[in-house]
Structures are given as C-alpha cells and as structure tokens.
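Colleague: Can you look at this prediction? I've put the sequence above it.
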Amino acid sequence: GAGNILNTDAHPLCPPALLFGTSAEQLQGAHVSQILPVPDGSRTDHLFNALTPGGEVDTGADAGGANNQAPHTPRVKKGGLRRHEPPPRSSAAKLSPLNLLKCRHIDERGLEVVVQAVQKQGGSSAYLVIHLA
C-alpha cells in the first residue's frame, strides 16, 4: 500500500490514537512513517519484512535470532493416511512477522510497540495490528 492511514477504529480494544496519544482525526490520512520508524514515503510492503527495533530491515546477522527459523517441512506419515497440506501461501493471507518497534508517544517519551502487517487474500491494502510491547 501507499502507507497512508485509512482507518483508525478497526480495533476498539487498542485504538491507535489512544496508543500514540493523539486524536483519530489527526491519524486519518497521515503516513505511517509519522507514527512508526519506517523510511519516509515507504510503502507498507516494508513492514512485511523482519525489522529491527529501529525499523530497519533485519538482515539476520544475529544467528541466534528468532528470524532465522528453518522453513516448515511437512512430516511424512507412513501407512494409508496422508497429511493434509495447507493451500499454497500465495492464496492465503499475507502476514508479517511480529516486529518490536521503538517509536515516540505524543509526549516525546519512548514507546515500544509490537506491529504485525496483514494483507487479506487478493487484497491490496495492508492492515497494521499495533499493541503495546
């Protein structure tokens, strides 16, 4: 997506305006880079990568990190029962990893949030699920 905030009331239990200390009207239409540490003008596609707390793409240099998990390999069962395989990932919703990001509250104090980007099957817009860390 283009990175503009289109809806701020989709998650009533953790509204982003309350989380960042601003009004929903101020967030509406703003670019996501105004609240999260992502490059100015970046598209929301950037958020589908594993990110460092500063918002940079995690290159996986930390070999012990959670971002270096082995890809899922299906178990092979013996006998007549076969394992049901999930549909190819291209037909499923696209999910980012859970990213811990450091940003600023309206009062200029540090704020850590967990962000996950979600793109519905066949959709072009990404939804950001943001919670306090």
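Modeller: Great, that's in hand.
Colleague: On the pLDDT front, check the most centrally placed residue in the chain for me.
Modeller: In the chain, the C-alpha closest to the average C-alpha coordinate belongs to residue 116, at a distance of 2.3 Å (CA atoms, centre = their mean). Per-residue pLDDT puts residue 116 at 89.
Colleague: So in terms of bridging, what pairs with it?
Modeller: residue 129 (DSSP bridges).
Colleague: Correct me if wrong: it contacts residue 93.
Modeller: No - applying CB atoms under 8 Å, one finds residue 116 not in contact with residue 93, separated by 11.3 Å. Where C-beta positions appear, they are placed from N, C-alpha and C, glycine not excepted.
Colleague: wait, what's in contact with residue 15?
Modeller: Residues counted as contacts of residue 15 (CB atoms under 8 Å, 6 or more residues apart in numbering) are 8-9, 24.
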